[in-house]
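Novice: Provided below for reference: sequence and predicted model.
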Amino acid sequence: MKLLAKYNRVNLATTIVVMLITGIIYYQAISLILTKQLDKDLVVEENEISEYANVNHHLPQVFESNDQQITFTQAKPGSVTRQFINTVYRNKKEEHPGKRRHRHEEYEAGRGLITAVALGDKYYQILIVESKVETEDLIQIIFGITTGVILLLLVTLFITNRLLLNRLWQPFYNLLKELRLFNVADNKDVPLVRTNIDEFDELNQTIITMSTRVKNDYKELKTFTENASHELLTPIAVINSKLDTLIQTDSFSGQQSKLLNDLYSAVSKLTRLNQSLLLLVKIENRIVEGNQLINLRESLEEMVTQFEEIFQDKQLQVNCQLSDKELHASPYLADILLNNLLSNAIRHNCIGGQINIKLNNEYLVIQNTGEETALQNDQIFTRFHKSYSSEGSGLGLTISRQICENLHFTLNYSFQDIYHTFTVKFD
Amino acid sequence: MKILIIEDEQGLRESIEEYFMEAGNICETASNYREAIAKVSLYNYDCILLDITLPGGNGIEILKYLKQNDHTDGILIISAKNSLDDRLEGLDLGADDYLVKPFHLSELRARVSAIIRRKTFNGSNLLIFNEITIDLLAKTVKAHNQSIKLTRKEYALLLYFIANKGKVVSKNAIAEHLWGDGIDLANNFDFIYSHIKNLRKKLMEAGSNDYIQAAYGMGYKFTDQ
């Protein structure tokens, strides 16, 4: 849930609850005040009746006025207690004056006063009832206005929150965007976004500090890899040259020459691994230079010729569908990319298998037969991931993908029918 | 030929020296910058093997010194640095070739031979080994004046053998020389054998002696002894 939505939800809920409570209190208060007012009117009426009775010594004429009814009933002396009651007011009025005339009664809420008057030796109970309709109308109007105000307030709050909060959080979203663009291998730093809000400034500062530290650590790690690989080269060179010297001396038994051959291939594997590591660091640092117009078709054809003996050795059938494709890139990198992809297609192929190479303006596809199960897409591009039978360095695809990234291409793997398929999509 | 090996790593320096040491060759060595400058300013060499990272200075400075003083020595840079920039800088400054460590001594020898051929034959493009004559410009081979048709790889193989005559060349080195980095893809080096067999057959059909000997399953030796 978005912060804004959450905030709005809480805000709305509390506002509504508070407004409801206020409304109830408001209603009760007004209702109390108006009832008091009615009671006062009733007392005034009572007084008028008693005065009239005192002066005239008979009960006043009972008349029906609007919203007021008075009834007298004879009662036993002293049996009436004076009290205010909530009662029902029977309103007799004419409905639909233009049409059928008929009288009917309507019951309304009313407020009554039971009191008594003594007239000579007679004792009368007086019931004065006043309609509460007008009072209730008033309360309704007041309540309606209040509800209107509440709604208006809510809408205003909602809109202002939305506008204001969106504006307030803008620096946060900007920072988020920068973070999303953050690449540890990139040279670009997270920029300082000036806001006048302390929390965001602090967040920004923290992010900058953190990213700088991460980048430094990463750089150090890469430098270490580079230096380590570099330092290894000299001893490897010595081993290699000593082996070359060793085989010049005298004759060797079959067992000795087998040992020497094994040594040779191990050293050569070590060399390649080391060179791959150095290359990877260089590509990741984007320090491989040179930009030329390369005809990929020509490069591929040349490479296929170069590998011819190896194709024959593994009895591989190679199908090429190449059309011209030219691109600007470092010829060194393009060569490594093609070489790696083609090497993989050979290395992981089976004896008597197939390799299909398709090149057109949009993509380069290299397919090969081999194991009949798909490879794990997310793992094959990671460093040192190798199939159990692989003799390679485990860096070839990592390097290939990094080269593609540098050239703004995408490299993807899929398993189609019986073919392991690597697709380079240009731009 | 007269060769100066400028290399600070003792093991490598000694191996190279031993590999080049034979009748008719003079090998001198230098293990640091000062020693190297002293030697190159006193003597002339057919080829100087120059390491870039040296104690006391940079090999590039030695290269600049040589070029400033119009030395005509052939220069082969041997360096652990395999970046295009280093390579281009070296070649731009007038080095004849650039070989990245680690390398096979036979490869080094082939490169040095190529440099010296370019320097000394000057105009003549013929490389002669007993009855075999190779026209380096036309890339044709004759034995007893009879033309031999060789494929590109067989031709390269022959040149490689002649540069390393009398030495055992490992199959590994041959494969890397002919097929480059892709060679680790092969299951075995059997197809090298078929190339060598073809080369030997073609040479012998033209009346040449059989110079190619297999060496204990490790490699081959091109020798007239």
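Specialist: Alright, I've got the coordinates. Residues are numbered from 1 along each chain as shown, chains lettered A, B, ... in the order given.
Novice: quick one: the lowest-mean-pLDDT helix or strand in chain A to chain centroid distance?
Specialist: Taking mean pLDDT, DSSP states H and E as the measure, chain A has strand A:83-94 as its least confident helix or strand, at a mean of 76. In terms of Cα atoms, centre = their mean, to the nearest Å, the centre of strand A:83-94 is set 62 Å apart from its chain centre.
Novice: can you map out the helices along chain A?
Specialist: For chain A, the helices defined by DSSP state H cover A:3-56, A:133-181, A:198-246, A:254-284, A:296-306, A:308-313, A:331-347, A:396-406.
Novice: one step back: in the least confident helix or strand of chain A, what's buried?
Specialist: A:84, A:87, A:89, A:91 (16 or more other Cβ atoms under 10 Å in any protein chain shown). Bear in mind the C-beta positions are built from the backbone N, C-alpha and C, glycine included.
Novice: Isn't the third one up against residue A:131?
Specialist: Yes. The pair residue A:89 and residue A:131 passes the contact test of Cβ atoms under 8 Å, sitting 4.4 Å apart.
Novice: Quickly list what's touching both of the two.
Specialist: A:67, A:108, A:109, A:110 (Cβ atoms under 8 Å, 6 or more residues apart in numbering or on different chains).
Novice: got any ranges where the stretch 101-250 of chain A has weak pLDDT?
Specialist: Low-confidence segments of the stretch 101-250 of chain A (pLDDT under 70): A:101-105.
Novice: Domain ranges for chain B, per the record?
Specialist: B:2-121, B:126-222 (automatic domain parsing).
Novice: Give the full set of residues in contact with residue 127.
Specialist: No chain was given, so I picked chain A. A:69, A:70, A:71, A:73, A:112, A:113, A:114.
Novice: my question was about chain B
Specialist: Per Cβ under 8 Å, 6+ apart, neighbours of residue B:127: B:117, B:121, B:133, B:134, B:136, B:159, B:162.
Novice: any idea how far residue B:211 is from it?
Specialist: 14 Å (Cβ to Cβ, to the nearest Å).
Novice: by contact count, what packs against the longest strand anywhere in chain A?
Specialist: With secondary structure taken from DSSP state E, chain A has its longest strand at strand A:103-119. Here strand A:103-119 touches helix A:3-56, strand A:83-94, strand A:122-131, helix A:133-181, going by 3 or more Cβ pairs under 8 Å, 6 or more residues apart in numbering or on different chains; DSSP states H and E.
Novice: and the ones you listed, which is most packed in?
Specialist: Neighbour counts (mean count of other Cβ atoms under 10 Å in any protein chain shown) averaged over each of these peak at strand A:122-131, with a mean of 19.
Novice: which residues does the closest residue to residue A:35 other than its chain neighbours contact?
Specialist: Closest residue to residue A:35 in three dimensions, ignoring its sequence neighbours and counting by Cβ to Cβ, 6 or more residues apart in numbering or on different chains: residue A:111, at 6.4 Å. Residues in contact with residue A:111 (Cβ under 8 Å, 6+ apart) are A:35, A:38, A:39, A:42, A:84, A:85, A:86, A:87, A:129, A:130, A:132.
Novice: I'd assumed residue A:113 was in contact with the third one.
Specialist: Yes. The pair formed by residue A:39 and residue A:113 meets the contact definition of Cβ under 8 Å, at 7.4 Å.
Novice: Overlap of the contact sets of the two?
Specialist: Residues touching both residue A:39 and residue A:113 by Cβ under 8 Å, 6+ apart: residue A:84.
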